[in-house]
Each structure stands twice: as structure tokens, then as C-alpha cells.
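got a sequence here, can you build the structure:
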Amino acid sequence: MISHLDPASALAVGLLIFALIMVILFEATNGFHDAANAVATVIYTKSLAPGQAVVLSGLFNFVGVLVGGIAVAYALVELLPAEVLSPPDGGPAVAMLVSLFVAALAWNIGTWWFGLPNSSSHCLIGALIGVALGNALARSRSLGEEVHWAQLWKVLEALAVSPLLGFLLAGGLYLLCRRIFHDKHLHEPAGDKPPVWWMRAILILTCSSVSFAHGTNDGQKSIGLIMLTIIGIFPATYALNPKAAASQYELSALVSQAEPLIGRFGDDEKESALSAVRTIEHRGRNSLTDAEAPFKHLKLEVGLRSGAAEERSNVRDDIYRVIAQLKHAEEASNISRG
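A predicted model of the protein is given here:
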């Protein structure tokens, strides 16, 4: 029923609205934990009232999302195999989205309920890895081939190193402050009055900085979820650029160059990718004649715009199969870089 979903249909709009609400709920439950991390010191020390601290933190989080770029968002998207993000049948990736949202929301709400200061990032990345592993098992594929391990290890290394760096830096700064600042009141528990003005300014600055950094990183994770939602629900529409007429015209020649690399360095799915190469070449040879050359770009663009979602899905799937195998070739240790 939902294969080759029409983007203009009520079902498509309903799925999109539901998924975006889930993204907003995830970000709200993320705030249950991470907002407390940012504002705890300024509230505890009476440097700011709770309402002031939350508004300040939210403002700098929002600024961080706006100026932080999308590198973190893309890192999330690249953890998933192409067939999970954009199913080969052209239908929406409902199973992926439901799994992600249920796992992330359950973890955030459960740990908030028990007062555990967990990391929403660890949960979200764990959910993405779980989806990739589940897809590998469902398709009876090797875990070494289905999961993008190179990208995964980069993310896991950052998650593992960050607590250690925080431990060392915080401990070192604390010992340094004990040696520099000799006012004993600075090292006592907070009372009913705020600290001296300069210490209060430092605490407010650190609150703002932590909130800004959170927006540039964790805020981008929600952008990544929105990207997953849009591509997952409308794969035939948003996973292939219908306006890239010139690039589509040159595609046949490009994939011909990829064929020997796929044949030599591809995994157990290389035969499917080689078949996709031949399909793309055949499509390029037979779609237009030389006599129609002045109108090639126009006809191709109109065809991609007005063609059925299923046809766009076929083009997209062929491209994905080739790209997936080229990634294996790029990661091969015995490939020549010359």
C-alpha cells in the first residue's frame, strides 16, 4: 500500500507530520538531560534564576544549531546502509523510523524518570547501529559487509574518548584553580547568595558556551533525524535529484569506469551492482538517439520530473548499488591510490 508513496497524498503528509513530531519529542526528551547539564552550575550557585538559565541555554542552543554546519547530521545518515535509508522497492522506510524513535524516546524517558543523567547521543547512535545490524540479519548478510564499520568506528572512538578527556581536563582545571584562587569561600558549597561578580560572570559564560557547543553537536543530531525522516518517507523523490539532467546524461559513462573496480573489490553484493551498471548503460544508450541531441537534457529532465515514482526508484536503486560497492573499493587495503 505504501510502496512508491505519492508525496502529495494524505498518507505521505500524515507520515511526515507524525515523524517530525517524533523528532521534536526526541529533542524535548534530550533537553530533559542535557539542559540540566548546561544550567546546573548557574542555578546551584544562584548566579541565575532557573527561568533565566533555561532561556539563556535555549537561545545559545538554537544559535549553535544555526551556525554549527551539518557534518554531525551527515555522520548519522552515513551509519545506515542505503537499502535501509531508502528501500529498494521505493516505499518509505517506516520500520527504520519507528525503531529509531521508539528506542530513543524509551531510553530518554526511562532514564529521566529514574533521574539518570544519560547521554541521548549514545542511545541514538546505538539505535542506528541496531537498525543496521538488524537489516544485515534480516537479509542474511555478513555483518562485516552490511555495516559501515569505518564510519562507525570514527563515531565510537569519539564517544569513548570524550568522557576521558572531560575527566582529565576538569580534574586538571580544578587543581589549577585550587592553587590560583585562595579565597576559601570559592571552594565552599553554594549558599543563599550568588558568588562574587567575576565568578558569576565566568559561570554564566560557561553555561552559555556549553549550550552553544551542545547546539553545534547534539542539536545537529536532530537535523540528522529530520534528514532521515524526509529521505526515509519520500525515497523516490528526495534520494534522486530530478533537476540534475546533465549529470544523469553523463551517468552511463561514469558507471562504466566503476565496473572494473566493482568486479575486483566488491563484496557479496557486487553481482547486483554489476547488473545495475549494465542497466544504467543500457538506459543511457537506448533512451535517446543522436538526432535528438539538442533536446537530450530537456527530455531527460521532463522525464524525471513527470515519470512515475517507481521509475525514479529504479534509477536511484541502481545508483545506490554502484556507490555502495565503490565504498568497499575505496576501503580496500590493496587498491592502488595512483
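
longest helix anywhere in the chain?
As assigned by DSSP state H, the longest helix anywhere in the chain is helix 197-233.

what's the helix or strand for the closest residue to His122 other than its chain neighbours?
Nearest non-adjacent residue to His122, counting by C-beta to C-beta, 6 or more residues apart in numbering: Leu159, 6.0 Å away. Quick note: C-beta positions are derived from backbone N, CA and C, even for glycine. Assessed by DSSP states H and E, Leu159 sits inside helix 149-180.

repeat that for Ala75.
Counting by DSSP H and E, Ala75 is part of helix 71-77.

by contact count, what packs against that helix?
helix 120-138, helix 149-180, helix 197-233 (3 or more C-beta pairs under 8 Å, 6 or more residues apart in numbering; DSSP states H and E).

flag the shaky bits of the chain, pLDDT-wise.
Scanning the chain for pLDDT under 70 picks out 1-8, 82-83, 86-92, 142-147, 185-191, 235-249, 284-313, 331-338.

tell me the centre residue of it?
Leu76 (2.7 Å; C-alpha atoms, centre = their mean).

OK, contacts around that residue?
Leu124, Ile125, Leu128, Lys221, Gly224, Leu225, Met227, Leu228 (C-beta atoms under 8 Å, 6 or more residues apart in numbering).

out of the residues you listed, which is nearest to Leu59?
Lys221 (19.1 Å; C-beta to C-beta).

what is the orientation angle of the longest helix of the chain with helix 149-180?
170 degrees (axes from the mean of the first three to the mean of the last three C-alpha atoms, to 10 degrees).

list the buried residues for helix 197-233?
For helix 197-233, a neighbour-count test (16 or more other C-beta atoms under 10 Å) marks 199-200, 203-204, 207-208, 210-233 as buried.

cool, and stretch 39-46?
Quick answer for stretch 39-46 (16+ other C-beta under 10 Å): Val39, Thr41, Val42, Ile43, Thr45.

test my guess that Gly224 contacts Tyr74.
Yes - using C-beta atoms under 8 Å, Gly224 is in contact with Tyr74, at 7.3 Å.

find residues that contact each of these two.
By C-beta under 8 Å, 6+ apart, no residue touches both Gly224 and Tyr74.

which one of the buried residues of stretch 39-46 is nearest to His148?
Of the buried residues of stretch 39-46, the one sitting nearest to His148 (C-beta to C-beta) turns out to be Val39, at 36.0 Å.

so what's the closest one up against?
With C-beta under 8 Å, 6+ apart, Val39 has these contacts: Leu48, Pro50, Ala53, Val54, Leu56, Ser57, Cys207.

where does it land in three-state SS?
helix (DSSP: H, G, I helix; E, B strand; the rest coil).

if I look at it, how far off is Leu128?
28 Å (C-beta to C-beta, to the nearest Å).

again, but for Ala150
If you go by C-beta to C-beta, the gap between Ala150 and Leu128 works out to 15 Å.

ok, Ser119 next?
14 Å.

compare those two (neighbour count), which wins?
Per other C-beta atoms under 10 Å, whichever of Ser119 and Leu128 has more neighbours is Leu128, with 26 against 19.

thinking the more buried one is in contact with Ala103, fair?
No - using C-beta under 8 Å, Leu128 is not in contact with Ala103; the gap is 9.4 Å.

tell me, what's touching those two both at once?
Joint contacts of Leu128 and Ala103 (C-beta under 8 Å, 6+ apart) do not exist.

next, format the helices and strands packed on helix 71-77 as a markdown table and append distance to Gly68.
Listed next are these as a markdown table, based on distance: least, C-beta to C-beta, whole Å:
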| stretch | distance to Gly68 |
| --- | --- |
| helix 120-138 | 14 |
| helix 149-180 | 15 |
| helix 197-233 | 3 |
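
follow-up on the earlier one: dump the contacts of Leu76 into TSV; add distance to Ile17 as well.
Putting these into TSV (distance: C-beta to C-beta, whole Å) gives the following:
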residue	distance to Ile17
Leu124	21
Ile125	26
Leu128	23
Lys221	21
Gly224	19
Leu225	15
Met227	17
Leu228	16
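
which two from those residues end up farthest apart in space?
Ile125 and Met227 (15.2 Å).

what's the closest non-adjacent residue to Leu20?
Distances taken as C-beta to C-beta, 6+ apart place Thr229 nearest to Leu20, at 6.4 Å, with adjacent residues excluded.
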